[in-house]
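[1] The following comprises the amino acid sequence and a computationally predicted model.
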Amino acid sequence: MGRPRPAAGGAGQDRPGDRDGHAIPVTPLPPHVRLDRVSRSFGPGAGPVLALDGINLDIARQEFVVLLGPSGCGKTTLLRLIAGLIAPDGGSVQVGGQSPRPGRDAAMVFQSFRLLPWKTAAENIAFALPALPAAEARARAATYLDLVGLARFAQRYPAELSGGMRQRLALARALAAEPQILLMDEPFASLDAQSRELMQGELMRLTAVRPATVVFVTHSVDEALLLADRIVLLSPRPGRLVETLDVPFPRPRWQTDLRAEPLFAELRRHLWDRLRDMVLTDPQSDFYGRQIP
Ligand SMILES: Nc1ncnc2c1ncn2[C@@H]1O[C@H](COP(=O)(O)OP(=O)(O)OP(=O)(O)O)[C@@H](O)[C@H]1O
């Protein structure tokens, strides 16, 4: 079986009993990530822009959460808040009960890979592990290159790798830090459709063998449904949480064609309806007021 399906707060879990069958109270698991009434603006420029407003969200340890929402609704801002790269203006962000510190709990994966072109694949990974002695960093790099199937390409430079291989390298670099949280900002958006589908399977496999809490940003409803334990839908700017949707498909999911499931089509329709309505009624959107079925 794949990863367990954890639940923050223990809701819905079976309750253990003592020998006489009396229920023993269970201590709810604290969430791994907690966003409590989080707001964040940017400015001054043309005046402050409220990017996120009043976000309440608990993410369980090893949960796979996908953030979905129209362009500019604050998805990247949310990742940066969890990474501790920026602080909220209002409310609080906690990771493991503490304020997040950059580089401590989370690793980020970006659409643009952000590899160092003058370093080989192995060096790109080792370079991202400055706290380790050099020999250990090299060994760790070899382990993770092997894990993503790039062992043969350890001495290649990024320019000598395909887009899919570069993203696998970026993923290996993030995983090599053995982070508790993976923050992924549209990581597959620049890949061709085939590589993207392969990378989705690869990510499912990797997070099954190296479990982590994952917060993944995408514009693709299908990708969200394939990957997520839970989808968090945000409104157009300012980003507010409009819905969270549990994705009930069992894991592992890479051996089945989920798209063929009637429930997949139903959830897809539901999410598209919500997204389309938000975009068509948002005065900031290019599609505002248009009639699109
Ligand atoms: N450093 C910044 N300075 C000024 N405005 C910013 C900054 N970062 C984000 N914003 C603004 O905050 C809003 C949210 O941006 P963010 O990048 O988080 O949205 P997003 O949902 O990730 O967008 P997209 O889907 O287009 O990538 C946008 O209006 C953006 O222009």
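    Ah, there it is.
[2] Next, the contact list for Val66, please.
    By C-beta atoms under 8 Å, 6 or more residues apart in numbering, the contact set of Val66 is 215-218, 223-224, 227-228, 230-232. Yep, even glycine has a C-beta here, placed from its N, CA and C like the rest.
[3] could you redo the last one with a cut-off of 7 Å?
    Going by C-beta atoms under 7 Å, 6 or more residues apart in numbering, Val66 touches 216, 218, 224, 227-228, 231-232.
[4] Just flag the most distant two among the residues you listed.
    Farthest apart among those by C-beta to C-beta are Leu227 and Val232. That separation is 12.8 Å.
[5] Now the contacts of Val66 in a markdown table, please, with extra columns for distance to Leu150 and pLDDT.
    Shown next, in a markdown table, are those (distance: C-beta to C-beta, whole Å; pLDDT from 0 to 100):
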| residue | distance to Leu150 | pLDDT |
| --- | --- | --- |
| Phe216 | 21 | 97 |
| Thr218 | 23 | 96 |
| Ala224 | 27 | 97 |
| Leu227 | 21 | 96 |
| Ala228 | 26 | 97 |
| Ile231 | 30 | 98 |
| Val232 | 32 | 98 |
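[6] Which of the residues you listed fall within strands?
    Among the contacts of Val66, DSSP state E puts 216, 231-232 in strands.
[7] Most neighbours among the residues you listed, please name it.
    Neighbour counts for the ones in strands among the contacts of Val66 (other C-beta atoms under 10 Å) peak at Phe216, which has 26 neighbours.
[8] from memory that residue sits against Asp185, does it?
    No. Under the criterion of C-beta atoms under 7 Å, Phe216 is not in contact with Asp185, lying 8.4 Å apart.
[9] what comes up buried for the helix or strand where Met199 lies?
    Per DSSP states H and E, Met199 falls inside helix 193-209. Judged by neighbour count (16 or more other C-beta atoms under 10 Å), helix 193-209 contains these buried residues: 195-196, 198-200, 202-204, 206-207.
[10] helices or strands next to that helix in the packing?
    On a contact count with 3 or more C-beta pairs under 7 Å, 6 or more residues apart in numbering; DSSP states H and E, helix 193-209 meets helix 163-176, helix 221-227.
[11] do you know which of those helices lies nearest Thr120?
    Nearest of these (C-beta to C-beta): helix 163-176, 9.9 Å.
[12] what packs against the closest one?
    strand 106-110, helix 121-127, helix 134-147, helix 193-209.
[13] As JSON lines, those with mean pLDDT would be great.
    Shown next, in JSON lines, are these (pLDDT from 0 to 100):
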{"stretch": "strand 106-110", "mean pLDDT": "91"}
{"stretch": "helix 121-127", "mean pLDDT": "97"}
{"stretch": "helix 134-147", "mean pLDDT": "95"}
{"stretch": "helix 193-209", "mean pLDDT": "88"}
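[14] Next, format these as a markdown table and append distance to Thr244.
    Listed next are the helices and strands packed on helix 163-176 as a markdown table, based on distance: least, C-beta to C-beta, whole Å:
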| stretch | distance to Thr244 |
| --- | --- |
| strand 106-110 | 21 |
| helix 121-127 | 34 |
| helix 134-147 | 31 |
| helix 193-209 | 20 |
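[15] so which of the ones you listed comes closest to the ligand?
    strand 106-110 (11.0 Å; C-beta to the nearest ligand atom).
[16] So what are the sheet partners of that closest one and their directions?
    strand 181-185 (parallel) (DSSP bridges).
[17] ok, how many other residues are close to the nearest residue to Arg166 once chain neighbours are set aside?
    Leaving aside its chain neighbours, Arg166 sits nearest to Phe113 (4.9 Å; criterion: C-beta to C-beta, 6 or more residues apart in numbering). Phe113: 19 surrounding residues under other C-beta under 10 Å.
[18] swap in Ala51?
    By other C-beta under 10 Å, neighbour count at Ala51 equals 22.
[19] Pull up the residues of this structure that are close to the ligand.
    Contact residues, the chain versus the ligand (C-beta under 6 Å from any ligand atom): 42, 49, 51, 71-77, 237.
[20] who wins for neighbours among those?
    Neighbour tally across the residues of the chain next to the ligand (other C-beta under 10 Å): the maximum, 28 neighbours, falls on Gly74.
[21] What does that residue show for phi and psi?
    Dihedral pair for Gly74: phi 100, psi 20, per degrees, to the nearest 10.
[22] quick one: pLDDT of it?
    Note on Gly74: pLDDT of 94.
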